[in-house]
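Novice: Got a sequence here, can you model it:
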Amino acid sequence: MQTIKYKFADGTTSEIEVTDEIYSLHLQLLQEEKRNHWRETRRHISLNYLLENGVDFTDNAADSFAAVELRENEERIHNAINQLSDKQRELAQKVFFEGMTLTDIAKEKGVSQPAITQQLATVIKKLKKLLQKTL
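Specialist: Okay, the predicted model is just below:
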């Protein structure tokens, strides 16, 4: 006589005594179940399983595409800025790249802050127009 032990989903276990013939049949069924499971899942590994075991998937193609797109956008913006007048280019440089406030620029130039705001609005409008042409 052999004992087969079952473990249920709720955590409880139960043991059954069976003949050697039934126990042998039970072992064969378990092996067949394992083989079937392996056949079904050998190509189906979950992403979570791989991540838990140190396999990391990075989307290099998306990163490369983003880098190319960023370079193209930077080139377009650089070309558009180069088409501005010297005065407009200087204002764009101070606002967008140096991070100066409009008040500081106005004090530096000896003009009012609304005057700088208006000049910046003109620069932005011209940049938008230039960038739309390059699309």
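Novice: which residues are contacting the helix or strand bottoming out on mean pLDDT in the chain?
Specialist: In the chain, the helix or strand scored least confidently by mean pLDDT, DSSP states H and E is helix 47-52, which has a mean of 78. Contacts to helix 47-52, defined as CB atoms under 8 Å, 6 or more residues apart in numbering, come from residues residue 57. No exception for glycine: its C-beta is placed from N, CA and C like everyone else's.
Novice: now it, how far from the centre of its chain.
Specialist: Distance of helix 47-52 from the chain centroid (CA atoms, centre = their mean, to the nearest Å) equals 17 Å.
Novice: which parts of it are buried?
Specialist: Within helix 47-52, no residue is scored as buried using 16 or more other CB atoms under 10 Å.
Novice: can you check stretch 81-90 too?
Specialist: 81, 84, 88.
Novice: can you give me the strands for this structure?
Specialist: 2-7, 13-18 (DSSP state E).
Novice: Can you add mean neighbour count and distance to residue 29 and give these back as JSON lines?
Specialist: Output for the strands of the chain, formatted as JSON lines (neighbours: other CB atoms under 10 Å; distance: least, CB to CB, whole Å):
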{"stretch": "strand 2-7", "mean neighbour count": "10", "distance to residue 29": "11"}
{"stretch": "strand 13-18", "mean neighbour count": "10", "distance to residue 29": "12"}
